[in-house]
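**Student:** Turn this into a structure:
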Amino acid sequence: RPGTAVTRAGSSGRLAGRCHLWNLLWTWSVKVRVPFSELLVWQKVNHFPEAKQLTRKDLLKKHLVRYQVMHGGAGRLAPLFFVLPTTFVLPKEAPQFADAFARALHGVEPSVTQPKGLNLWILKPVGLSRGRGISLVRSMRGVEEAAPSQEEPVVLQRYITAPLLVKGYKFDLRLYVAVTSFNPLEAWLCREGFARFSTTPFTLDEGQLGNRFVHLTNSSVQKERSDGGGGPP
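**Tutor:** Residues are numbered from 1 along each chain as shown. Reported below is the predicted structural model:
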């Protein structure tokens, strides 16, 4: 068996060297063409084929909705799939979103209760990370301005206006799971994780709806604050 060795993929996406003298292939790109059928028993990679079905926002939404329909709100597993506020993928579901947006204007929106007179949605590009391209919108014109391209899909979700806060600040939890097999499913949960916080207290003040330091918890966003920011005392 080869010694402990790590290999990398070149810029072309091809496996460096196409040899077997490595144990671990770790890459940030899902475009690397890994010869899964040729892997030896000791060789490990950090991407499964079609992992994007779980990691891309639009595809994850599609699969959750599919399981919601399958379970129909009944059965032991049904509550596990009803975890999303009302969500649409544009431009594919633009007519459905326009209808839901109009109904929400009149207070008919079952998934998230918002203060009277507020119709707030969060827009996220499906293929970006680290908070890039995310914005809050409250009008159809705002949607058009935030998503000018009709070719790049975006996810629009009803914004949760009463999130769980820590001393007035938004946060999210990062928990890490190593999935070693999908069939059969085998996953390992790390005992420790961490929380990411906004650096400005949460508010729905109209003048702060565009303040990313209030509404996003991404570390890549919060570190851009020139004064260093704050956080829960």
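
**Student:** Residue 121 against residue 138, yeah?
**Tutor:** Yes. Under the criterion of CB atoms under 8 Å, residue 121 is in contact with residue 138, at a separation of 7.2 Å. In this view, the C-beta of every residue, glycine as well, is placed from N, C-alpha and C.

**Student:** What values do phi and psi take at the most centrally placed residue in the chain?
**Tutor:** For the chain, the residue nearest the mean C-alpha position is residue 57 (5.4 Å; CA atoms, centre = their mean). Main-chain torsions, residue 57, degrees, to the nearest 10: phi -60, psi -40.

**Student:** State the pLDDT value of it.
**Tutor:** pLDDT for residue 57: 91.

**Student:** Just to check, it is in contact with residue 126?
**Tutor:** Yes. Residue 57 is within contact range of residue 126, at 4.7 Å (criterion: CB under 8 Å).

**Student:** Please enumerate the shared neighbours of those two.
**Tutor:** Taking CB atoms under 8 Å, 6 or more residues apart in numbering as the criterion, residue 57 and residue 126 both touch residue 155.

**Student:** Tell me how many other residues crowd the closest residue to residue 211 other than its chain neighbours.
**Tutor:** Distance criterion CB to CB, 6 or more residues apart in numbering; nearest residue to residue 211, sequence neighbours excluded, is residue 200 at 6.4 Å. Counted with other CB atoms under 10 Å, residues neighbouring residue 200 total 20.

**Student:** quick one on the thing from earlier: between residue 121 and residue 138, tell me which one has more neighbours.
**Tutor:** Neighbour comparison, residue 121 and residue 138: the larger count goes to residue 121, with 27 against 16 (by other CB under 10 Å).

**Student:** Specify the beta-bridge partners of that one.
**Tutor:** residue 137, residue 158 (DSSP bridges).

**Student:** Just give the number of residues close to residue 144.
**Tutor:** 11.

**Student:** what helix or strand does it sit in?
**Tutor:** Here residue 144 sits within helix 140-146, counting by DSSP states H and E.

**Student:** Quick one: distance of that helix to the chain centre.
**Tutor:** Centroid separation for helix 140-146 versus its chain: 21 Å, with CA atoms, centre = their mean, to the nearest Å.

**Student:** Which of the three states applies to residue 92?
**Tutor:** coil (DSSP: H, G, I helix; E, B strand; the rest coil).

**Student:** starting at the chain centroid, how far to stretch 207-223?
**Tutor:** So, by CA atoms, centre = their mean, the centroid of stretch 207-223 is 16 Å from its chain's centroid.

**Student:** I meant stretch 36-53, not that one.
**Tutor:** Relative to the centre of its chain, stretch 36-53 is centred 22 Å away, using CA atoms, centre = their mean.

**Student:** What's the end-to-end length of that stretch?
**Tutor:** 18 Å (CA to CA, to the nearest Å).

**Student:** residues of that stretch that come out buried?
**Tutor:** Buried residues in stretch 36-53, defined by neighbour count with 16 or more other CB atoms under 10 Å: 43, 45, 47, 48.

**Student:** could you give me the average pLDDT of that stretch?
**Tutor:** Per-residue scores along stretch 36-53 average to 83.

**Student:** try stretch 87-94
**Tutor:** In the prediction, stretch 87-94 has an average pLDDT of 92.

**Student:** i'd like the first residue to be 52 from this point on
**Tutor:** Understood, numbering begins at 52; the last thing we discussed is stretch 138-145.
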